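> Model the structure of this input:
(chains A and B)
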2 protein chains.
Amino acid sequence: MATDASHPIPHLISTIDELRATVASERQRGRRIGLVPTMGALHAGHLSLIEISNQECDVTIATIFVNPKQFSPSEDLDKYPRTIERDLELLSRLRVPFVFAPKEEQIYPTGFSTFVEPPSVALPLEGELRPHHFSGVATVVLKLFNLVQADVAYFGQKDYQQTLVIRRMVEDLGIPITIRTCPIIREQDGLAMSSRNCYLSPEERVQALSISRALREARRLVDAGERDAGKIRSTLRHVLEQAEISKIEYAQVVDRETLEELDRIEDSAIALIAVQVGKTRLIDNCLFEYEVNSS
Amino acid sequence: MATDASHPIPHLISTIDELRATVASERQRGRRIGLVPTMGALHAGHLSLIEISNQECDVTIATIFVNPKQFSPSEDLDKYPRTIERDLELLSRLRVPFVFAPKEEQIYPTGFSTFVEPPSVALPLEGELRPHHFSGVATVVLKLFNLVQADVAYFGQKDYQQTLVIRRMVEDLGIPITIRTCPIIREQDGLAMSSRNCYLSPEERVQALSISRALREARRLVDAGERDAGKIRSTLRHVLEQAEISKIEYAQVVDRETLEELDRIEDSAIALIAVQVGKTRLIDNCLFEYEVNSS
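Here you go, the predicted structure:
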């Protein structure tokens, strides 16, 4: 990818001091700041968040930080893709002026020991499978909110439970920021964009398509009037099992706010899937919203 | 206490929405905001914080909230003194324009479940005796910081460990606020000002004077060159025991930053006391600072 002179590379900020100075200057000019927190390895999902921020804010600040505190020792922290030069090139095309990409000691200095105990919506699903994940997410997200002092922060619906955790944290702690949840972006074949998709072998990639296929099949049934959540769950499992996926971690139909298991789908629900395809963990979801008692 | 027309009663804000509107207006005018968080039952210690904020900031916002989450079930939440009218009168004399005194459901709405897991300096001393205290303190203080968006917040040195917990939380989470720790204010007889002093019977009040006497005796020894922390600890205990105080919870000489127990006092140290006098829990402390190797 060649750098186009009309798309200057974003200013790369690596220290908190420089970030604070930049933010102070932008705020003083009355600029509305949009924050797009990422772990890098940017894909079209991230870029859609940038585009929405660009539309709604005066200045977009992207952050790139592979947060060690949201990985467990058995997870893929070491092999998580790091593609900073390509990331900067992609951000330059979207005219992002500032990228905060701190070293670990900037975020977690010696003696760091304050954490967010995330809200109870962090407990089921991902919380059961990845016990410290949301504490790590909530802590780094709160720190980024404090450092960037954005007006709006943009998150993808693909990490649906994460968006609920962050929204509840913002409400509970009175954080002065608006949270925007943006639609899932998919590959042409339906696979939800993820920085982890690059781990998949061609055979695994075919298996992974069963995830979005299961969700589409669920939506088809609900659209056709099926309201028995148990039947929708069975359908999700059936499609995944047929694809002989390595492990189904969960395939659930739950309340969209509390994530409690539903018996029946009333006005809304969310179907959530987490699986392992080979050694790669993938998640996806589909929100159902219906008018009830519409006359 | 009569209200002087030249000292208007502060504007009493009880909802987060009104607080946010007030803060937004003050910030838009470029005003430097000082925050003095209190649990009410104001005394000269609180008022000294207000006075320092008045000197350093354009507008002081005091908060009054008896935070249930920092009391354990066995503690004095129910009988903690509530003197809002007198508090407002005192604040009016210091020309405080805004007082945020929310109901509990404003701070802890239904479903509230996000907490701060405080830094490790919260673990010893008060942390051992009051296991959830600093989690409750850190959570409410963070929320007040987020709501008031002050430039500076003022805390009293009497709650010394609390000031360390808050400073470390601010650093760890990158909270955009300056923390000022202000000197202990004492009654004429030496007793550190506390909203809990009103619980003391005349006899207990006499016993309670041994706390500041112990700290003064410790300072006298250290000023005279004593550097053996064990000897200073013995002195603290001896003075308290002579007064036949009900219970000595701790009488310690520790590192002023880490609160780790010291063998020797080098350039600095802090002596910290917590006792029960009758049913009343009282704390006090004394900071030692010395130039070492001065030539």
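
> What parts of the stretch 151-295 of chain A come near chain B?
Residues of the stretch 151-295 of chain A lying close to chain B (C-beta under 8 Å from any C-beta of the partner chain) are A:168-169, A:171-176. In short, each C-beta sits where N, CA and C put it, glycine included.

> where does the residue of the stretch 151-295 of chain A found nearest chain B land in three-state SS?
Proximity of the stretch 151-295 of chain A to chain B (C-beta to the nearest C-beta) peaks at A:Asp172, 3.7 Å away. At A:Asp172 the chain is in helix, as set by DSSP: H, G, I helix; E, B strand; the rest coil.

> Which pLDDT value goes with the nearest residue to it once chain neighbours are set aside?
Sequence neighbours aside, B:Thr114 is the residue nearest to A:Asp172 in space, at 3.7 Å (criterion: C-beta to C-beta, 6 or more residues apart in numbering or on different chains). B:Thr114 is assigned a pLDDT of 98 by the prediction.

> give the contact list for B:Thr114.
Residues counted as contacts of B:Thr114 (C-beta atoms under 8 Å, 6 or more residues apart in numbering or on different chains) are A:116-119, A:138, A:168-169, A:172-173, B:139.

> Farthest-apart pair in those, please.
Among those, the pair separated by the greatest distance (C-beta to C-beta) is A:Arg168 and B:Thr139, at 13.7 Å.

> Looking at these two now, which is surrounded by more residues?
More crowded of A:Arg168 and B:Thr139, by other C-beta atoms under 10 Å in any protein chain shown: B:Thr139, with 26 against 22.

> Please save the CA atoms from the helix or strand hosting that one in PDB.
In the assignment (DSSP states H and E), B:Thr139 maps to helix B:133-148. Output of helix B:133-148 as PDB, limited to C-alpha atoms (Å, rounded to 0.1, in the frame of the first residue of the first chain):
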ATOM      1  CA  HIS B 133     -14.600   0.300  53.100                       C
ATOM      2  CA  PHE B 134     -12.100   1.500  50.500                       C
ATOM      3  CA  SER B 135     -14.000  -0.200  47.700                       C
ATOM      4  CA  GLY B 136     -17.100   1.900  48.700                       C
ATOM      5  CA  VAL B 137     -15.000   5.000  49.100                       C
ATOM      6  CA  ALA B 138     -13.200   4.600  45.800                       C
ATOM      7  CA  THR B 139     -16.400   3.900  43.900                       C
ATOM      8  CA  VAL B 140     -18.300   6.900  45.200                       C
ATOM      9  CA  VAL B 141     -15.300   9.200  44.900                       C
ATOM     10  CA  LEU B 142     -14.800   8.100  41.300                       C
ATOM     11  CA  LYS B 143     -18.500   8.700  40.600                       C
ATOM     12  CA  LEU B 144     -18.300  12.200  42.100                       C
ATOM     13  CA  PHE B 145     -15.200  13.000  40.100                       C
ATOM     14  CA  ASN B 146     -17.100  11.900  36.900                       C
ATOM     15  CA  LEU B 147     -20.200  13.900  37.800                       C
ATOM     16  CA  VAL B 148     -18.500  17.100  39.000                       C
END
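
> which helices and strands does that helix pack with?
Contacts defined by 3 or more C-beta pairs under 8 Å, 6 or more residues apart in numbering or on different chains; DSSP states H and E place helix B:133-148 against helix A:160-173, helix B:16-28, strand B:33-38, strand B:59-64, strand B:98-100, strand B:115-117, helix B:126-129, helix B:160-173.

> which residues sit against the first one?
So the one you mean is helix A:160-173. With C-beta under 8 Å, 6+ apart, helix A:160-173 has contacts from A:116, A:118-119, A:121-122, A:125-127, A:134, A:137-138, A:141-142, A:145, A:153, A:155-157, A:175, A:177, A:179, A:181, A:257, A:259, A:270, A:272, A:285, A:287, B:109, B:111-114, B:139, B:142-143, B:146.

> The fifth one too?
Among residues not part of strand B:98-100, those counted as contacts by C-beta under 8 Å, 6+ apart are B:10-14, B:19, B:22, B:59-65, B:87-88, B:91, B:144, B:147-148.

> show me where pLDDT drops low in chain A?
A:1-6, A:292-295 (pLDDT under 70).

> got the residue ranges for the strands in it?
For chain A, the strands defined by DSSP state E occupy A:11-13, A:33-38, A:59-64, A:98-100, A:115-117, A:152-156, A:178-182, A:247-254, A:268-277, A:280-289.

> Strand partners (parallel or antiparallel) of the first one?
The one in question is strand A:11-13. If you go by DSSP bridges, strand A:11-13 pairs up with strand A:98-100 (parallel).

> number of nearby residues for the closest residue in space to A:Arg213 that isn't next to it in sequence?
Excluding the flanking residues, the one nearest A:Arg213 by C-beta to C-beta, 6+ apart is A:Val239, at 5.6 Å. As a burial measure, A:Val239 scores 21 neighbours (other C-beta under 10 Å).

> so which of the strands of chain A gets nearest B:Ile245?
Among the strands of chain A, strand A:115-117 comes nearest to B:Ile245, with 35.7 Å by C-beta to C-beta.

> What is the distance between the helix holding B:Thr139 and the centre of its chain?
On the basis of C-alpha atoms, centre = their mean, to the nearest Å, helix B:133-148 sits 13 Å off its chain's mean C-alpha point.

> same question, stretch A:45-61
Put simply, stretch A:45-61 sits 15 Å off its chain's centre (C-alpha atoms, centre = their mean).

> residues touching the closest residue to A:Pro183 other than its chain neighbours, list them.
Closest residue to A:Pro183 apart from its sequence neighbours, by C-beta to C-beta, 6+ apart: A:Gln157 at 5.9 Å. A:Gln157 sits next to A:163, A:181-184, A:285, A:287 when contact means C-beta under 8 Å, 6+ apart.

> Repeat the analysis, applying 10 Å as the threshold.
By C-beta atoms under 10 Å, 6 or more residues apart in numbering or on different chains, the residues touching A:Gln157 are A:45, A:163, A:181-185, A:192, A:270, A:284-287.

> Need the buried ones from the residues you listed selected in PyMOL.
Of those, the buried ones go into a single PyMOL selection, burial set by 16 or more other C-beta atoms under 10 Å in any protein chain shown:
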select buried, chain A and resi 45+163+181+182+184+185+192+270+284+285+286+287
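
> By neighbours, which of the contacts of B:Thr114 wins?
Highest neighbour count within the contacts of B:Thr114, by other C-beta under 10 Å: A:Pro118, with 30 neighbours.

> Any figure for the gap between that one and chain B?
Distance of A:Pro118 to chain B, given as C-beta to the nearest C-beta, to the nearest Å: 6 Å.

> Can you list phi and psi of that residue for me?
Per-residue torsions, A:Pro118: phi -70, psi 160 (degrees, to the nearest 10).

> wait, what's in contact with it?
Applying C-beta under 10 Å, 6+ apart, we find A:Pro118 in contact with A:127, A:132-139, A:141-142, A:162, A:164-166, A:168-169, A:172, B:113-115, B:117.

> Counting neighbours, which bits of stretch A:153-168 end up buried?
Residues of stretch A:153-168 classed as buried: A:153-168 (neighbour count, 16+ other C-beta under 10 Å).

> mind exporting it as PDB, just the C-alpha atoms?
Coordinates of each C-alpha in stretch A:153-168 appear next as PDB, following Å, rounded to 0.1, in the frame of the first residue of the first chain:
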ATOM      1  CA  ALA A 153     -17.000   6.300  22.100                       C
ATOM      2  CA  TYR A 154     -17.700   3.800  19.300                       C
ATOM      3  CA  PHE A 155     -17.900   0.000  19.800                       C
ATOM      4  CA  GLY A 156     -19.000  -2.800  17.600                       C
ATOM      5  CA  GLN A 157     -22.100  -4.900  18.200                       C
ATOM      6  CA  LYS A 158     -20.000  -8.000  17.500                       C
ATOM      7  CA  ASP A 159     -18.700  -7.800  21.100                       C
ATOM      8  CA  TYR A 160     -22.300  -7.500  22.300                       C
ATOM      9  CA  GLN A 161     -21.800  -8.400  25.900                       C
ATOM     10  CA  GLN A 162     -18.900  -5.900  26.100                       C
ATOM     11  CA  THR A 163     -21.100  -3.100  24.900                       C
ATOM     12  CA  LEU A 164     -23.600  -3.900  27.700                       C
ATOM     13  CA  VAL A 165     -20.700  -4.000  30.300                       C
ATOM     14  CA  ILE A 166     -19.400  -0.700  29.100                       C
ATOM     15  CA  ARG A 167     -22.800   1.000  28.900                       C
ATOM     16  CA  ARG A 168     -23.700  -0.200  32.500                       C
END
